[in-house]
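A.B. asks: return atomic coordinates for the entry below.
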Amino acid sequence: MESQRDPRRRPTHPGTFLREIVMAHLKITQGDLAAHLGVSRVSVSELLNQRRGVSAEMALRLAAAFPETSPESWLRMQEAVDIWDARQKSKIAVKPIAA
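C.D. replies: Below is the predicted model of the structure:
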């Protein structure tokens, strides 16, 4: 299935989505979110500022805090960013294996 997203544009980091959409809508602070998730404010800050990715554990916490989401949705967002970043760094030219 082809994505309709522009492949030249980096996917939105889950921390950016959390900061600009979710937290802005709910009008909560980093400290509020950290307390609610049961993690340090530093962990939340690093996620919101794209210095940390969403782990499986954090995906579970986020999905519990925001029931309209799932752990899988948070991990898919992170996976899209990770794959895009890897493609930008990689210059490996591997030919397909012929059957």
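
A.B. asks: so what secondary structure elements neighbour the longest helix along the chain?
C.D. replies: What stands out as the longest helix in the chain, according to DSSP state H, is helix 71-89. Using 3 or more Cβ pairs under 8 Å, 6 or more residues apart in numbering; DSSP states H and E, the elements in contact with helix 71-89 are helix 14-17, helix 56-65. Where C-beta positions appear, they are placed from N, C-alpha and C, glycine not excepted.

A.B. asks: of the ones you listed, which approaches residue 97 most closely?
C.D. replies: The closest of the helices and strands packed on helix 71-89 to residue 97 is helix 56-65. By Cβ to Cβ, the value is 30.9 Å.

A.B. asks: show me what that closest one is packed up against.
C.D. replies: So helix 56-65, by 3+ Cβ pairs under 8 Å, 6+ apart, packs with helix 30-37, helix 71-89.

A.B. asks: closest to residue 22 out of those helices?
C.D. replies: helix 30-37 (8.7 Å).

A.B. asks: tilt between the closest one and helix 56-65?
C.D. replies: Put simply, helix 30-37 runs at 90 degrees to helix 56-65, going by axes from the mean of the first three to the mean of the last three Cα atoms, to 10 degrees.

A.B. asks: which residues touch helix 30-37?
C.D. replies: With contact meaning Cβ atoms under 8 Å, 6 or more residues apart in numbering, helix 30-37 is reached by 18, 23, 28, 40-41, 43-45, 48, 58, 61-62, 65.

A.B. asks: could I get the average pLDDT for the longest helix of the chain?
C.D. replies: Looking at helix 71-89 alone, the average pLDDT works out to 95.

A.B. asks: and the angle for it with helix 56-65?
C.D. replies: Orientation of helix 71-89 against helix 56-65 (the same axes, to 10 degrees) gives an angle of 140 degrees.

A.B. asks: quick check: which ranges of this structure have low pLDDT?
C.D. replies: The chain contains residues with pLDDT under 70 at 1-4.

A.B. asks: now for residue 65, how many residues are close by?
C.D. replies: Other residues near residue 65 number 13, with proximity taken as other Cβ atoms under 10 Å.

A.B. asks: wait, what's in contact with the residue most central in space within the chain?
C.D. replies: Nearest residue to the geometric centre of the chain (Cα atoms, centre = their mean): residue 14, 2.7 Å. Residue 14 sits next to 47, 53-54, 74, 77-78, 81 when contact means Cβ under 8 Å, 6+ apart.

A.B. asks: having no further points to raise, I will conclude here.
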